[in-house]
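Engineer: next come a sequence and a model predicted from it.
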Amino acid sequence: DSGVTQTPKHLITATGQRVTLRCSPRSGDLSVYWYQQSLDQGLQFLIQYYNGEERAKGNILERFSAQQFPDLHSELNLSSLELGDSALYFCASSVGKGVTYEQYFGPGTRLTVT
Amino acid sequence: AQSVTQPDIHITVSEGASLELRCNYSYGATPYLFWYVQSPGQGLQLLLKYFSGDTLVQGIKGFEAEFKRSQSSFNLRKPSVHWSDAAEYFCAVGAPSNQGGKLIFGQGTELSVKP
């Protein structure tokens, strides 16, 4: 158990809908990362927040947005969902903002868009 | 741009045999390199990392990796594989510091272990 929690574990929704994925980092960690794992794109970095502020951005679609709240939990919002958004979404956390700090991964949320 | 290539999509080894998983990276400066393991239904777990210094790094679960700058490689090895090592293995490179803590992953190598 990494100490990172993600809810829900599974999500099934229809095209065009909007969903919210939630992540609680390990106690004491200030950085939260979101990654998407799909069969065709592999494991891709989406976005990082550090202590409430956006720190780094990857190839995150405009339909996707994220935020980190004062209690350091984070939410990833996916809207106007398409079939291609079906994937496993991982959250990770680390104590610092740079790549030298170990990232601890949650178990993921599996999103299925039908 | 930084990238990571894992040439082998799937590898099968017999239990007790040695293992080497290949990883090649593309990076302009000295890279920060990582190996992660993903067991079915689980998140990723860090096996080992290389930042600088000794090019042979030891990790958890009996794994080691060797950084070879001349070959742009960071191959993962284990002398004797156990059935519980069956999983997917990802090599990753850390982005430059101005890109935060972003990790760039390879496509992964799925390891199967024959009894």
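Structural biologist: Great, that's in hand.

Engineer: on the pLDDT front, check the residue positioned nearest the centre of chain A for me.
Structural biologist: Nearest to the geometric centre of chain A sits A:Trp34, at 3.1 Å (C-alpha atoms, centre = their mean). For A:Trp34, the pLDDT comes out at 98.

Engineer: ditto for B:Ala29
Structural biologist: 78.

Engineer: then A:Ser2?
Structural biologist: Value for A:Ser2, per-residue pLDDT: 88.

Engineer: still on that earlier bit, tell me what the residue nearest to the centre of chain A is bridged to.
Structural biologist: A:Ile47, A:Cys91 (DSSP bridges).

Engineer: and it, how far from chain B?
Structural biologist: 11 Å (C-beta to the nearest C-beta, to the nearest Å). From N, CA and C alone the C-beta is placed, and that goes for glycine too.

Engineer: torsion angles phi and psi at B:Ser70?
Structural biologist: Note on B:Ser70: its backbone torsions stand at phi -60, psi -30 [degrees, to the nearest 10].

Engineer: distance check, it against chain A.
Structural biologist: 23 Å.

Engineer: B:Thr55 versus that residue, what's the distance?
Structural biologist: To B:Thr55, B:Ser70 is 11 Å away according to C-beta to C-beta, to the nearest Å.

Engineer: ok so, going back, from A:Ser27, how far off is the residue nearest to the centre of chain A?
Structural biologist: A:Trp34 sits 19 Å away from A:Ser27, going by C-beta to C-beta.

Engineer: which parts of the chain are strands?
Structural biologist: Since you didn't name a chain, this refers to chain A. For chain A, applying DSSP state E gives strands covering A:5-7, A:10-13, A:19-24, A:31-38, A:42-50, A:53-57, A:64-68, A:74-78, A:87-94, A:104-105, A:109-113.

Engineer: oops, wrong one, chain B.
Structural biologist: B:3-5, B:10-14, B:19-21, B:24-26, B:33-38, B:44-50, B:56-58, B:64-68, B:73-78, B:87-94, B:103-105, B:109-114.

Engineer: put together TSV for those strands, with distance to chain A on each row.
Structural biologist: Output for the strands of chain B, formatted as TSV (distance: least, C-beta to the nearest C-beta, whole Å):
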stretch	distance to chain A
strand B:3-5	10
strand B:10-14	14
strand B:19-21	16
strand B:24-26	13
strand B:33-38	8
strand B:44-50	4
strand B:56-58	14
strand B:64-68	15
strand B:73-78	15
strand B:87-94	3
strand B:103-105	4
strand B:109-114	12
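
Engineer: out of the ones you listed, which comes closest to A:Val4?
Structural biologist: strand B:44-50 (10.6 Å; C-beta to C-beta).

Engineer: now the closest one against strand B:33-38, angle please.
Structural biologist: Computed by axes from the mean of the first three to the mean of the last three C-alpha atoms, to 10 degrees, the angle separating strand B:44-50 from strand B:33-38 equals 160 degrees.

Engineer: so which elements touch strand B:44-50?
Structural biologist: strand B:33-38, strand B:56-58, strand B:64-68, strand B:73-78 (3 or more C-beta pairs under 8 Å, 6 or more residues apart in numbering or on different chains; DSSP states H and E).
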